[in-house]
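Peer 1: Make a model of this:
(2 chains)
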Amino acid sequence: MDTSTVNTILLIFHYFFFAYAFAAISSYIILAIISIVETIEYKKKNKFVNYKEILSSDIAPSISIIAPAYNESLNIIENVRSLLSNHYANYDVIIVNDGSKDNSLELLIEAYDLVKVDYLINQQILTQPVREGVFKSKNPAFEKLIVVDKENGGKADALNMGLNISTSKYVACIDVDCLLLEDALQKMIKPFLELTEVKVIATGGVIRIANACIIKSGKLLDVNMPKSMLERAQILEYIRSFLLGRMAWSRLNGLLVISGAFGMFDKKIVIEVGGYDTNTVGEDMEIIVRMRVHMEEQKKKYKVAYIPDPLCWTEAPDNYKTFISQRNRWTRGTIEVLKKHRRIGLNPKYRSLGLVSFPFWFIFERMAPIIEVVGIVYFCILMALRELRWDYAFVFFISAYLFTVLFSIVAILSEENTYHQYKKKGTGYKLIRTILLEPFLFHPFVLYAAIKGNFDYYFNKKIKWGVMTRKGMTKAAESN
Amino acid sequence: MNKFLYFIDSLKEEPLLIQIVWLLSFVLFVIIIISIIYLKFLRTHLRLNDKIAEKYKNEYEANLITYLYSENEEGLISSEQQSIIKQLKNGAINKFKREIIISTLLKLLNEISGEMADSIQNLYYQTALNNYAVAKLKSGNWYFITEGIRELKLFRVKDAHKDVEKHVNHSKSEVRKEVQLYLVNLFSFKGLNFLNDLKTPLSEWDQIQLLEELQKFDDQEIPDITLWLKSENDYVVIFALKLAKIYNQFGMKEILLELLNHESERVRLELIPVLNHLYIVEAKEVLKSNFSERSREEQIEFLKLLENLGDENDEHFILQHIYNNDFEIRLSALKILKNINLSKFENLELTKPEAEFVEMVKFIKNN
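Peer 2: Numbering: from 1, shown residues only, chains lettered A, B, ... in the order given. Here you go, the predicted model:
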């Protein structure tokens, strides 16, 4: 290869990276602005809402909370108690014990006076069969609780069983270890009941990290900032993602994902599309994409709404091994979903879903880690070839770092101006320190997990979910 | 300093792109510093505000309790009360303090009743807080209008209703919603007159809120809902159907039957449970006659009606649906058959031996 060809290739790479970085930064700025506007508007619109009326109303629509559980014996009793303490009037809680190998079922039977009942299941979606049966409580205090014990089939299969069991119009699918605030259901159901011009097919809730928070009897008593960098960086990342990203996509009606930890759905639509896909680890994203495709093909006006209130608190990984395993799964899930629905990309038939949301996810979520790694390799090649212009490299690195820091600060400012959850003195300093160090101490692990996810997707097909070792939120609080 | 000047000088020699990116980095750096300072200020301000608000809240609460217990024997305002009114009036000039006074008054209002509640409402007038709320109604900003209406509703200021009603067709649904709640909260069923010419949608959320407000009143004498059942606005019809069900409007039978042919499926879906609730058996023949033309949801609702109102005359119709492919329709049909002809139901197991069908029959038999 002659020098001019090499130079041309290098020039193409220069322009490609420059254009990619410019597009990414511009889109983040635009999304952040839209998110802030949307969050402020949401706060203003909901300031006067009286949620108490809907609580006690017997004409409020019924909601089923579906929580799959697999080997959750450590916290299952407390977690179910938390789910049963919701203030909404018309709801039930369906715990799907997905073939747990531990004594989760026995613990539930004992703690909640459960007895096996005759229950006719409408098999609208095919699932693994029931194992021990369906259980309900003898104690009227737990009349809202239904426990179904089934053969193991994975989270998606367990959620599908919950959908078959539910007789409600709306279903809230959550992770059993999530802590729901008492008013979570009425805030999530509101868009379904309020919007008249469009059909709301799903609502997503913001997920907050409960590590180091004080939780007692299923109630969040005190919000704290954890000590470890990994947990703090995840808090920052969640705030950035939910308050500066998803709120914007909600306003643009382009949300492609609702966190599997907490989302509410119109059950009829979920059933119409065939329930959760059991062949992907990204079932939470996949169902939203499929529901949207369904509505687009039916040419119906619809919306996937998002609630910025901190309604659901969950335990985040507190060690790098679990963290990498989780992010690896998220990456594989994204790849699987985008691949499965690739026909909608740039397809005008699917309007903004195909022309905006899908390409954005492909370019800035799916491809980002790969492009970053290619960039690092390219950087090394330039160094080896002594072609690296340090004056350019240095200033671009500085500006990229400063932009990242500023973006995180804006996220924190947005949080402080709206929900101000981390009230304690000294937390601001901890957050700033996390913001400054995160690109060096956290981001490399995110990148590594994403690349590993790509590798596992193509070369290690056997790997599925990975293991999340739970400390239990109460214990997590004590140890911090 | 020399090093910085040297850096600036050397930068002038660099290509334009590098100069731009350095400039951008400098701007970002300055914004970051300003943002960090602002974050520090904001967090301190929020923490201090919470403390100050708490202090004022305690102070006002103490004042209000003194006010409530220092009324003189003739029921006239005592000098002590007079001084508290003056103090609160002065405090209300400041927006921050005014908000705390209002929230303290509302908190007390929710905790007490009778003469004391009247005293709090009287105090609201004495301190001229109502003027601030009414002034908000003239604002061009929907948020302030909503805030004003809400306050007038909570303090039950009926004489502002003309100013409030002006916003009944406001372009912002939040304002309309607050107007509706104000009217119903203060004027009970008479407040529902806004439905007569409502052109905008009345969401399910709004309907639940209004119905809950109505159920708080002792007087449950409902006005004539004929006009609303015949409204051109489907949302009004649906709301009227809910009223008919909750308030057992048996007299509306003829109009309800007419609605079985309403063009809106949502109306028909809301109607069938009402017919069921009111035991309007005449609906059965109408629904049977065009059962197959109705949507699946309507069919299911009708079968639920038959679970309640079915009799031996419906047997022929029901037998056509006990093998229906739809789970819910089949389940309902079998339940109805069990109710109206037990012996026939018990013999069904033999005629259709599929496992799923047998399981369903067994389930119905046992439950």
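Peer 1: For the chain, give me the ranges with low pLDDT.
Peer 2: Just going to use chain A. Within chain A, the stretches with pLDDT under 70 are A:1, A:53-56, A:463-480.
Peer 1: Chain B, not that one
Peer 2: B:1, B:72-75, B:349-353.
Peer 1: In it, which helix is the longest?
Peer 2: helix B:16-69 (DSSP state H).
Peer 1: What's the first helix or strand after it?
Peer 2: Per DSSP states H and E, the first helix or strand lying C-terminal to helix B:16-69 is helix B:79-91.
Peer 1: Only alpha carbons, please: show that next one as CSV.
Peer 2: Only the C-alpha atoms of helix B:79-91 are listed here, as CSV (Å, rounded to 0.1, in the frame of the first residue of the first chain):
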residue,chain,number,x,y,z
SER,B,79,-57.6,41.7,70.2
GLU,B,80,-55.2,38.7,70.3
GLN,B,81,-56.9,37.3,67.1
GLN,B,82,-56.7,40.8,65.6
SER,B,83,-52.9,40.8,66.1
ILE,B,84,-52.5,37.3,64.6
ILE,B,85,-54.5,38.4,61.6
LYS,B,86,-52.3,41.4,61.1
GLN,B,87,-49.2,39.3,61.5
LEU,B,88,-50.4,36.7,58.9
LYS,B,89,-51.5,39.5,56.5
ASN,B,90,-48.0,41.0,56.6
GLY,B,91,-46.5,37.6,56.2
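Peer 1: Tell me which other helices or strands that helix touches.
Peer 2: helix B:16-69, helix B:95-111, helix B:114-126 (3 or more Cβ pairs under 8 Å, 6 or more residues apart in numbering or on different chains; DSSP states H and E). All C-beta spots, glycine's among them, are computed from the backbone N, C-alpha and C.
Peer 1: Include mean neighbour count when you put the ones you listed into a markdown table, please.
Peer 2: Formatted as a markdown table, the helices and strands packed on helix B:79-91 follow (neighbours: other Cβ atoms under 10 Å in any protein chain shown):
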| stretch | mean neighbour count |
| --- | --- |
| helix B:16-69 | 15 |
| helix B:95-111 | 16 |
| helix B:114-126 | 16 |
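Peer 1: nearest to chain A, of those?
Peer 2: Proximity to chain A (Cβ to the nearest Cβ) singles out helix B:16-69 among the helices and strands packed on helix B:79-91, at 3.9 Å.
Peer 1: tell me what that closest one is packed against?
Peer 2: Judged by 3+ Cβ pairs under 8 Å, 6+ apart, the packing partners of helix B:16-69 are helix A:390-418, helix A:427-441, helix B:2-13, helix B:79-91, helix B:95-111, helix B:114-126.
Peer 1: Using CSV, please lay out those together with distance to B:Asn63.
Peer 2: Shown next, in CSV, are the helices and strands packed on helix B:16-69 (distance: least, Cβ to Cβ, whole Å):
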stretch, distance to B:Asn63
helix A:390-418, 32
helix A:427-441, 35
helix B:2-13, 59
helix B:79-91, 5
helix B:95-111, 9
helix B:114-126, 10
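Peer 1: which SS state does A:Val147 fall under?
Peer 2: Under DSSP: H, G, I helix; E, B strand; the rest coil, the three-state class of A:Val147 is strand.
Peer 1: got a list of what B:Ala283 touches?
Peer 2: B:256-257, B:260, B:272, B:275, B:305 (Cβ atoms under 8 Å, 6 or more residues apart in numbering or on different chains).
Peer 1: In space, what's closest to A:Asp222 - neighbours in sequence excluded?
Peer 2: A:Ile214 (3.8 Å; Cβ to Cβ, 6 or more residues apart in numbering or on different chains).
Peer 1: Need the CA coordinates for stretch B:188-203. PDB is fine.
Peer 2: Provided in PDB are the C-alpha atoms of stretch B:188-203 (Å, rounded to 0.1, in the frame of the first residue of the first chain):
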ATOM      1  CA  SER B 188     -72.300  19.000  44.400                       C
ATOM      2  CA  PHE B 189     -74.500  17.600  41.600                       C
ATOM      3  CA  LYS B 190     -75.400  21.200  40.500                       C
ATOM      4  CA  GLY B 191     -71.800  21.600  39.700                       C
ATOM      5  CA  LEU B 192     -72.200  19.000  37.000                       C
ATOM      6  CA  ASN B 193     -74.000  21.400  34.800                       C
ATOM      7  CA  PHE B 194     -70.800  22.000  32.900                       C
ATOM      8  CA  LEU B 195     -71.500  18.600  31.200                       C
ATOM      9  CA  ASN B 196     -74.500  20.100  29.400                       C
ATOM     10  CA  ASP B 197     -72.300  21.700  26.700                       C
ATOM     11  CA  LEU B 198     -68.900  20.100  27.300                       C
ATOM     12  CA  LYS B 199     -67.100  19.800  24.000                       C
ATOM     13  CA  THR B 200     -63.700  18.500  25.300                       C
ATOM     14  CA  PRO B 201     -62.900  14.900  26.400                       C
ATOM     15  CA  LEU B 202     -63.500  13.900  30.000                       C
ATOM     16  CA  SER B 203     -60.900  11.300  30.700                       C
END
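Peer 1: chain center to that stretch, what's the gap?
Peer 2: 14 Å (Cα atoms, centre = their mean, to the nearest Å).
Peer 1: which of the residues in stretch B:215-222 are buried?
Peer 2: With burial defined by 16 or more other Cβ atoms under 10 Å in any protein chain shown, the residues of stretch B:215-222 counted as buried are B:Ile222.
Peer 1: State the distance spanning the first to the last residue of that stretch.
Peer 2: Start-to-end span of stretch B:215-222 (Cα to Cα, to the nearest Å) is 11 Å.
Peer 1: neighbouring contacts of it?
Peer 2: So stretch B:215-222 is in contact with B:188-189, B:243, B:246-247, B:249, going by Cβ under 8 Å, 6+ apart.
Peer 1: restrict those residues to those near chain A?
Peer 2: For chain A, the contacts drawn from these by Cβ under 8 Å from any Cβ of the partner chain are B:Ile246.
Peer 1: Could you check how many residues crowd around residue 325?
Peer 2: No chain was given, so I picked chain A. 20 (other Cβ atoms under 10 Å in any protein chain shown).
Peer 1: meant chain B, my bad for not saying
Peer 2: 6.
Peer 1: for A:Arg81, same thing?
Peer 2: Residues lying near A:Arg81 (other Cβ under 10 Å) number 16.
Peer 1: about what we covered before: nearest to A:Val176 among the helices and strands packed on helix B:79-91 would be which one?
Peer 2: helix B:16-69 (34.3 Å; Cβ to Cβ).
Peer 1: quick check: angle from that closest one to helix B:95-111?
Peer 2: 50 degrees (axes from the mean of the first three to the mean of the last three Cα atoms, to 10 degrees).
Peer 1: returning to what we had before: nearest to B:Val164 among the helices and strands packed on helix B:16-69 would be which one?
Peer 2: Among the helices and strands packed on helix B:16-69, helix B:114-126 sits nearest to B:Val164 (Cβ to Cβ), with 16.1 Å.
Peer 1: and the closest one, how far from the chain's centre?
Peer 2: With Cα atoms, centre = their mean, you get 27 Å for helix B:114-126.
Peer 1: circling back to that earlier point, so can I have a markdown table of the helices and strands packed on helix B:79-91 showing distance to B:Glu346?
Peer 2: Below are these laid out as a markdown table (distance: least, Cβ to Cβ, whole Å):
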| stretch | distance to B:Glu346 |
| --- | --- |
| helix B:16-69 | 69 |
| helix B:95-111 | 58 |
| helix B:114-126 | 62 |
